[in-house]
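> Here is the input, now give the coordinates:
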Amino acid sequence: MDTRFCRSHADHYARHGSPYKRSYRAREINPYRAAALTWLEANQNDTHVANAVDRVTTLLRTAGPHVEAFRLRGLSPQERAKAAWARLRKAGIDPRRVVAAWLAVEMIISDDPQAERKAEFKQVQAAKLVHRMASGTHKRWGEGPTTTELHVYPRPRGRVLRHMGEALENACELLVEKHRLPSPAPYSQSME
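Below you'll find the predicted structure:
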């Protein structure tokens with residue numbers, strides 16, 4: 001039982017990192033992701049960029065074995081977060097895209113005049129972006145008309161997002177501290 005919020009606000013808090021502010025939509029954050037990835041590629045020789053990418057690579061490498069999405073039931077939130085990192089590794093996701101997700105969240109929050117400034121909101125927003133990069137497990141059995149397919153997507157919510165976001169924040173903290181990040185466009189244009 002949540003002693004602070006009603007059921008709908010507690011569910012909203014678990015999914016979005018804030019009991020009141022919703023997550024940024026894809027069309028709102030995609031320009032920031034593109035700008036962040038372009039900036040990372042242009043500054044790939046920078047020490048702090050290389051450090052952040054190396055830290056994310058370490059997160060992917062040390063995540064443990066790959067676990068299919070339909071086998072996550074009963075695992076602790078921390079184990080589920082590690083499984084999400086392992087799915088990213090198995091899918092071959094470029095660590096620069098993961099770092100770009102964190103930078104995009106930093107940029108959109110700095111441009112948002114009514115932003116939620118708590119660290120937990122940033123962590124959840126970035127973790128949701130990263131979680132979607134390789135979120136599901138897809139299986140197929142049989143041939144022809146008797147083909148059976150299974151598509152399972154783990155739900156991005158709760159403590160799993162907090163663990164992923166915290167790890168990502170730790171990986172990117174020096175990069176954010178040392179660099180002023182570009183903004184792709186004024187907030188009002190990107191939010192329309």
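> tell me which residues of stretch 61-68 are tucked away?
Within stretch 61-68, the residues scored as buried using 16 or more other C-beta atoms under 10 Å are 63, 67. Heads up, the C-betas are built off the backbone N, CA and C, glycines and all.
> what do you get for stretch 124-134?
Neighbour-count burial for stretch 124-134, counted by 16+ other C-beta under 10 Å, picks out 124-131, 134.
> Pull the distance from stretch 157-176 to the chain's centre.
Distance of stretch 157-176 from its chain centroid, counting by C-alpha atoms, centre = their mean, to the nearest Å, is 8 Å.
> Could you give the average pLDDT over that stretch?
Here stretch 157-176 scores 91 as its mean pLDDT.
> CA atoms only for that stretch, dumped as PDB, please.
Extracted as PDB, the C-alpha positions of stretch 157-176 are listed here (Å, rounded to 0.1, in the frame of the first residue of the first chain):
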ATOM      1  CA  ARG A 157       8.000   0.200 -14.900                       C
ATOM      2  CA  GLY A 158       8.900   0.200 -11.200                       C
ATOM      3  CA  ARG A 159      12.200  -0.600  -9.600                       C
ATOM      4  CA  VAL A 160      13.600  -2.100 -12.800                       C
ATOM      5  CA  LEU A 161      13.600   1.400 -14.500                       C
ATOM      6  CA  ARG A 162      15.200   2.900 -11.400                       C
ATOM      7  CA  HIS A 163      18.100   0.400 -11.400                       C
ATOM      8  CA  MET A 164      18.700   0.900 -15.100                       C
ATOM      9  CA  GLY A 165      18.500   4.700 -14.900                       C
ATOM     10  CA  GLU A 166      20.800   4.900 -11.900                       C
ATOM     11  CA  ALA A 167      23.400   2.700 -13.700                       C
ATOM     12  CA  LEU A 168      23.100   4.900 -16.800                       C
ATOM     13  CA  GLU A 169      23.300   8.100 -14.800                       C
ATOM     14  CA  ASN A 170      26.500   6.900 -13.100                       C
ATOM     15  CA  ALA A 171      28.000   6.000 -16.500                       C
ATOM     16  CA  CYS A 172      27.200   9.400 -18.000                       C
ATOM     17  CA  GLU A 173      27.700  11.700 -15.000                       C
ATOM     18  CA  LEU A 174      31.200  13.000 -15.900                       C
ATOM     19  CA  LEU A 175      30.200  13.700 -19.500                       C
ATOM     20  CA  VAL A 176      27.200  15.800 -18.400                       C
END
